[in-house]
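Trainee: Using only what follows, build the 3D model:
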Amino acid sequence: MFEMKSAVHRNVLLAGVAVLAVITIAASAPEGNPSVNLPVTQLQYKGTGVTDGVHGELQVAPAYGDLAHGPHGTFVKMPAGFVSPVHTHTGDYYAVVISGVGANGLPGSTDVPLPVGSYWLQKGGEKHVTKCISSNECIFFISQTTKFDYLPDTMMK
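Mentor: Numbering: from 1, shown residues only. Just a heads-up that it's a prediction; the model follows:
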């Protein structure tokens with residue numbers, strides 16, 4: 001049995017376990033692909049065009065699949081202080097907090113801080129707001145059995 005050296009080690013372990021649980025639960029990675037090892041230093045983030053108008057834009061890096069076309073696992077980088085406009089997605093997705101402290105909830109709801117290792121399930125078609133409430137950027141891992149879309153709610157800000 002190993003001993004945890006610090007809260008940081010515990011949080012990193014929890015995040016890793018949570019990511020594995022989400023991947024297992026969603027079971028959306030295509031079969032027949034070879035095993036993969038992807039060091040964090042090799043993640044290739046690209047802009048999405050989604051912004052809150054203040055803190056910059058969301059960036060994404062693929063783990064597996066293609067978020068624009070079907071089942072995928074994707075890392076999402078959100079700037080510190082970012083608050084998404086009210087929006088929906090067509091499909092459900094699972095998210096795990098890899099770094100920072102996020103929040104995800106109905107418009108106007110009280111934030112529930114989601115530190116490293118936390119997860120949420122976002123139901124498709126449900127209006128919500130996603131935030132990075134920490135002083136450092138947030139990184140989330142999302143797993144989805146459908147393509148990802150971002151549908152701004154033009155009726156509610």
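Trainee: Need the nearest residue in space to Gly70, chain neighbours excluded.
Mentor: The shortest distance from Gly70 to any non-neighbouring residue, by C-beta to C-beta, 6 or more residues apart in numbering, is to Lys147 (5.4 Å). Every residue, glycine included, has its C-beta placed from N, CA and C.
Trainee: Would you confirm that that neighbour contacts Thr74?
Mentor: No. In this structure Lys147 lies outside contact range of Thr74 using C-beta atoms under 8 Å: 10.8 Å.
Trainee: Compare the two (neighbour count), which wins?
Mentor: Using other C-beta atoms under 10 Å as the criterion, Lys147 and Thr74 rank with Thr74 on top: 20 against 16.
Trainee: That one against Leu67, yeah?
Mentor: Yes. Under the criterion of C-beta under 8 Å, Thr74 makes contact with Leu67 at 4.9 Å.
Trainee: Quick check: bridge partners of the residue most central in space within the chain?
Mentor: Central residue of the chain (C-alpha atoms, centre = their mean): Phe140, 3.1 Å from the mean position. Counting by DSSP bridges, Phe140 is bridged to Val76, Val97.
Trainee: what separates the top strand by length along the chain from the chain centre, distance-wise?
Mentor: If you go by DSSP state E, the chain has its longest strand at strand 57-65. Computed by C-alpha atoms, centre = their mean, to the nearest Å, the chain-centroid distance of strand 57-65 equals 9 Å.
Trainee: go on, stretch 94-111?
Mentor: Distance, stretch centre to chain centre, for stretch 94-111: 9 Å (C-alpha atoms, centre = their mean).
Trainee: where are the low-confidence patches of this protein?
Mentor: In the predicted model, the chain carries pLDDT under 70 at residues 1-31, 155-157.
Trainee: Report the buried residues of stretch 133-153.
Mentor: For stretch 133-153, burial by neighbour count (16 or more other C-beta atoms under 10 Å) applies to 133-134, 137-144, 146-148.
Trainee: can you give me the helices in this protein?
Mentor: Counting by DSSP state H, residue ranges of the helices within the chain are 7-26.
Trainee: on that earlier part again, now do the shared contacts for Thr74 and Leu67.
Mentor: Common neighbours of Thr74 and Leu67, using C-beta atoms under 8 Å, 6 or more residues apart in numbering, are 60, 144, 148.
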